[in-house]
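> here is a sequence with its predicted model. Questions after.
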Amino acid sequence: KEKNSVDLLPKSMFDLEDWKRACAYSNKETRGANSALEWFYANFDKEGFSVWRIDIKHNEQLVVALESSNQIGGFFSRIEGSNKFLFAPVGVPEESNPSVISGVLVLRGQDVDAVLACAPDWESYDYKKLELESEEDKRFFEACLQSGD
């Protein structure tokens with residue numbers, strides 16, 4: 001089996017599996033003392049990982065919430081082989097017609113293509129690298145994590 005180029009990156013001190021446990025699979029609050037975000041900012045390696053905004057390109061085609069849910073579920077099924085390289089809270093952030101699919105990706109490396117190109121429909125989404133030093137990008141990142149609480 002051919003290795004993904006992400007497998008060849010230098011070792012990082014940021015453990016994505018620890019982050020997944022701290023954020024998604026724990027009883028930690030998202031914000032505050034001893035929170036998931038506090039853990040993230042204390043441990044994140046911005047050289048070895050990157051944070052991206054993901055938005056579906058054609059929201060106007062998603063007129064039923066079930067379609068949006070199926071779109072998200074299908075995309076995650078198709079990137080199954082890359083799960084070890086990313087954490088991705090993606091959802092439909094507001095009740096609207098058409099639906100809006102948006103979220104964030106915390107992924108290994110700086111190249112979104114290397115992680116997501118395994119999905120045949122990965123180009124159906126727009127990706128923007130977030131700079132967590134930017135207040136606007138940081139607010140979006142934290143809001144996406146908060147929505148899962």
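Received the coordinates, thanks.

> going along the chain, name the strands of the chain.
49-56, 86-87, 90-91, 102-108, 125-130 (DSSP state E).

> check which helices and strands the fourth one sits against.
Pointing back at strand 102-108 there. Packing contacts for strand 102-108, counted by 3 or more CB pairs under 8 Å, 6 or more residues apart in numbering; DSSP states H and E, involve helix 16-23, strand 49-56, strand 86-87, strand 90-91, helix 112-116, helix 135-146. Yep, even glycine has a C-beta here, placed from its N, CA and C like the rest.

> for the residue nearest to His58 when sequence neighbours are not counted, what are its contacts?
Counting by CB to CB, 6 or more residues apart in numbering, the nearest residue to His58 once its immediate chain neighbours are dropped is Ser124, at 7.3 Å. By CB atoms under 8 Å, 6 or more residues apart in numbering, the contact set of Ser124 is Ile56, Lys57, His58.

> now tabulate the helices and strands packed on strand 102-108 in JSON lines and tack on mean pLDDT and mean neighbour count.
Compiled in JSON lines, the helices and strands packed on strand 102-108 are given as follows (pLDDT from 0 to 100; neighbours: other CB atoms under 10 Å):
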{"stretch": "helix 16-23", "mean pLDDT": "78", "mean neighbour count": "16"}
{"stretch": "strand 49-56", "mean pLDDT": "92", "mean neighbour count": "20"}
{"stretch": "strand 86-87", "mean pLDDT": "78", "mean neighbour count": "20"}
{"stretch": "strand 90-91", "mean pLDDT": "66", "mean neighbour count": "18"}
{"stretch": "helix 112-116", "mean pLDDT": "87", "mean neighbour count": "20"}
{"stretch": "helix 135-146", "mean pLDDT": "90", "mean neighbour count": "16"}
